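fold the following, please.
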Amino acid sequence: MEKLKTITRREFIEKTATGAAGLMIVPRHMLGGRGVQAPSDTLNIGCVGVWGKGASDIVSVSTENIVALCEVDDEMMAKFMKNERHTPEQQAKYEKANKYRDFREMLDKEKGLDAIVVSTPDHTHAVIAMMAIKMGRHVFVQKPLTHTVKEARLLAQEAKKAGVITQMGNQGHAGEGARLICEWIWDGAIGPVEEVHVWTNRPIWPQGIDAPKEIPSVPPTVDWNVWLGPAPWRPYHPAYHPFVWRGWWDFGTGALGDMGAHLLDQPFWALDLGHPKTVQASSTKFTKDSYPMAEIVTYQFPARGKLPPVKLIWYDGGLMPPRPKELESGRMMGDESGGCLFVGKKGLLMCGTYGENPRLVPEDLMRSYKRPAKTIPRSPGIHEEWVAAIKAGKKSTTDFEYSGRLTEVMLLANIAIRMQEAKTVLEWDGEKMEFTNLPEANKFLHKEYRAGWSL
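Coordinates of the predicted model:
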C-alpha cells in the first residue's frame, strides 16, 4: 500500500494500460479506502509562463499537483512566488514545484507530468505544445492557439493522433452567455443570421511602428534565447518583453489574434461557421515589424446545410460598425472592450466581449421572447472543464480540433492585411489550406523557424 501512495498518475496508467485500457478514475475502495489517494484523482501539471495570464492560469489549475514551474525571466518568477493573493495551500505547492527556465528541460526531466499549461507569447505556443503532445501529455494553451495557420492545423492533427485532452484558454467559451447565444439563435429568436459585426477597442499596446534601433544589454534575469524560441533572432529590447510583444509580427498576432478568440468564437460556435470562402482587409499604416493600429476585415462564409451564407465584419482600433436603427438611443453597443452583433431576419442579438449579457434588440423583442430550455451542458470554467475532461477521458469543448479551426480563421485576417497591395479579395480553400487566387499569400501560412527549432 505504501507503494500505491507514492506512485504517480502517469506510472499508474502505464502499468495498468494492458489490463484496463481506457481506465481513468479508480474507485477509492480498490486502493484501500479513505486514507489512500487514488493515483488518478490528482494530476501532475507543469506550467510554462508564470506572469500575466500565466499567473491566473496556474491558480486556476491549483486544485491539482503543480510539480513544475517554467519561466524565462527570473524576475517574473520571483514576483509570482511573492504574490500575496496566493492561499497558504497554493503557496506551498508553488514552493515545492521544481523551477525551470527552459520548457524543453522541464519536459525532459519531469517524467511524471500528466499535463502542461502554456501561457507564453504567441510565437512559442506551438513548439511547446507540440513537444508535450508528442510525449503524450495533455495540453492547455492560452489563446490564440498558435502564431500561424499551419501550426494550428498541425497541432490539431497531432493532438488527435496522440489521443490527448486539449483546451484553448478562451474563457468566454465556458461562460453562460456563450451558451445562451447558441440556444437562442438555434431556437430561431432572431431568425436566420446572414450578417455579423464584431469589434474591439484593442490594440492597447503600440502598433504600426518600427523596431527600436538601440541595443540594450540583456538583463541577467532573462534567457533571451529561449524567449525568442523559433522567431528570427533580434537583440533584446524592453519594447518586446514582458508585455508589448503582441503588436510585433514576429511575436504576437495583433488585436484580432488577441481578442478574436473571444469575439469570433461567439458566431463561430453559434453559426457553425467553419472555413470562410473569402477574406479581405483594409487598415491603417503597418510596418515590416508591427501590425496596424486599426483594421476592418470582411469574411464571407458559405451556406452550411440549411444555414444561409454569412458575412462577418471585424473592426478594431476603435472602429465600430454602424449603429443599428433598432438600438435604443443612449444604449451602449457591446461593452467597453468590444462586442458582437448578430443580424437576423427577425431581429438582432448583441453581447459583450466574452459573450456576456446577451440581449435581443430591440428591448421589446427581449421582453416578449420566451426563452428555450437550456440544452447545452454548463461548464465549471475553462480550466476546470479541461481538468475534469482529462480525468474522465472525455473531449473538452474548445479542444484543438475546434480551437484550431477558429484560430485558422482569425489568422487569415493577418494575411489579408499583409496582402492589401494585391488589391483583390483572397479566396480560401480550407480543406487544401491554400489561397487559390493569390499563391504568393500562401507564404504567410507559416514561417521559417530559427535554426535549432522545429515542430
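
how about the strands in the stretch 151-300 of the chain?
Remark: strands assigned in the stretch 151-300 of the chain by DSSP state E, counting those that start in this stretch are 166-169, 193-200, 278-283, 295-301.

which one of the ones you listed is the most hemmed in?
Here the criterion is mean neighbour count by mean count of other CB atoms under 10 Å, and of those the winner is strand 166-169, at a mean of 30. Placement of C-beta: from N, CA and C, glycine included.

ok now that one, how far from the chain's centre?
6 Å (CA atoms, centre = their mean, to the nearest Å).

neighbouring contacts of it?
Contacts of strand 166-169 with the rest of the structure, by CB atoms under 8 Å, 6 or more residues apart in numbering, involve 53, 57, 119, 133, 138-145, 159, 261, 382-383, 385-386, 389, 396, 398-400, 403, 406-407.

buried members of these into PyMOL, please.
Buried residues among the contacts of strand 166-169 (16 or more other CB atoms under 10 Å), as a PyMOL selection:
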select buried, resi 57+119+133+138+139+140+141+142+143+144+145+159+261+382+383+385+386+389+396+398+399+400+403+406+407
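
which of the contacts of strand 166-169 fall in helices?
Cross-referencing those with the helices (criterion: DSSP state H) gives 53, 57, 133, 159, 261, 382-383, 385-386, 389, 400, 403, 406-407 as the overlap.

any chance of TSV for the residues you listed, columns pLDDT and distance to residue 103?
Putting these into TSV (pLDDT from 0 to 100; distance: CB to CB, whole Å) gives the following:
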residue	pLDDT	distance to residue 103
53	94	16
57	98	14
133	98	13
159	98	17
261	97	22
382	98	21
383	98	19
385	97	24
386	98	19
389	97	23
400	98	18
403	98	20
406	98	24
407	98	20
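
my guess is residue 446 meets residue 148, correct?
Yes - look at residue 446 against residue 148 with CB atoms under 8 Å: they come within range, at 4.8 Å.

between these two, who's got more neighbours?
For residue 446 versus residue 148, neighbours defined as other CB atoms under 10 Å are more numerous around residue 148 (21 against 18).

surely that one meets residue 443?
No - Residue 148 is not in contact with residue 443 according to CB under 8 Å; the separation is 10.8 Å.

low-confidence stretches in the stretch 151-300 of the chain?
Low-confidence regions of the stretch 151-300 of the chain, defined by pLDDT under 70, are absent; no residue qualifies.

tell me where it has helices.
176-186, 224-228, 254-263, 265-270 (DSSP state H, counting those that start in this stretch).

identify each buried residue in the last one, please.
Read it as helix 265-270. Within helix 265-270, the residues that count as buried by 16+ other CB under 10 Å are 265, 266, 267, 268, 269, 270.

same check on the second one?
Of all the residues in helix 224-228, those buried under the rule 16+ other CB under 10 Å are 224, 226, 227, 228.

closest one of those to residue 372?
For the buried residues of helix 224-228, the residue nearest residue 372 by CB to CB is residue 227; the value is 48.4 Å.

so what pLDDT did the nearest residue to the closest one once chain neighbours are set aside get?
Of all residues not flanking residue 227 in the chain, residue 72 sits nearest, at 4.7 Å (CB to CB, 6 or more residues apart in numbering). Looking at residue 72, its pLDDT stands at 98.

wait, residue 72 touches residue 223, no?
Yes - counting by CB under 8 Å, residue 72 sits close enough to residue 223 to count as a contact (4.5 Å).

these two: which has the busier surroundings?
Regarding residue 72 and residue 223, a neighbour count based on other CB under 10 Å identifies residue 72 as having more, with 27 against 15.

how close does residue 342 get to residue 57?
When CB to CB, to the nearest Å is the yardstick, residue 342 and residue 57 sit 30 Å from each other.
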